[in-house]
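>>> mind looking at a prediction? Sequence and model below.
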Amino acid sequence: MSTQPTVACHAPVEVRRWRSALARRDSRAVDTRRVYPRFAIASLLGNVAFLASWGVVLMRPSGWQVVGPLLLLMFLVLRVGGMWLFASRHPEEERPRMRRTATLTTVLALIAVGIWVYTVLQGPRGF
């Protein structure tokens with residue numbers, strides 16, 4: 001027994017046919033980040049960890065040698081690992097495009113880590 005009231009569609013038959021034809025058409029109107037909100041949250045947390053690691057490196061508080069790399073590792077796991085997981089969950093026809101996106105994300109993350117390591121080794125300048 002359903003407690004939900006049933007609502008009859010009073011639209012003309014032509015409109016109902018037209019709408020069902022639109023519904024059957026393959027459209028890309030759905031943003032996949034909204035389908036997987038955990039990916040968006042993990043990506044955001046990864047970005048926050050990366051910014052925090054830069055803050056730690058530039059300010060150099062006590063224990064920065066441990067906290068900085070841990071935040072950087074958290075960035076890599078959440079951002080890059082999350083992107084590859086996101087790419088693996090896509091349908092087969094979208095996987096090549098998503099793999100390219102994940103590869104680009106990985107390359108950019110590795111460049112960012114390289115700049116971070118360079119800053120750690122050379123020391124911040126201008127402060």
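Now that the structure is in, tell me what you want to look at. Residues are numbered from 1 along each chain as shown.
>>> tally up the residues packed near Arg38, please.
Around Arg38 there are 10 other residues, counting by other C-beta atoms under 10 Å. Where you see a C-beta, it was placed from the backbone N, CA and C, and this is true even at glycine.
>>> which other helices and strands contact the host helix or strand of it?
Arg38 belongs to helix 37-59 when assigned by DSSP states H and E. Counting contacts by 3 or more C-beta pairs under 8 Å, 6 or more residues apart in numbering; DSSP states H and E, helix 37-59 packs against helix 32-35, helix 64-75, helix 82-88, helix 95-122.
>>> run through this structure and note the low-pLDDT ranges.
1-35, 126-127 (pLDDT under 70).
>>> again, 80 this time
1-36, 123-127 (pLDDT under 80).
>>> re earlier: contacts for the helix holding Arg38, please.
Applying C-beta atoms under 8 Å, 6 or more residues apart in numbering, the contact partners of helix 37-59 are 33-34, 64, 67-69, 71-72, 74-80, 82-83, 85-86, 112, 116, 119-120, 124, 127.
>>> great, nothing more from me.
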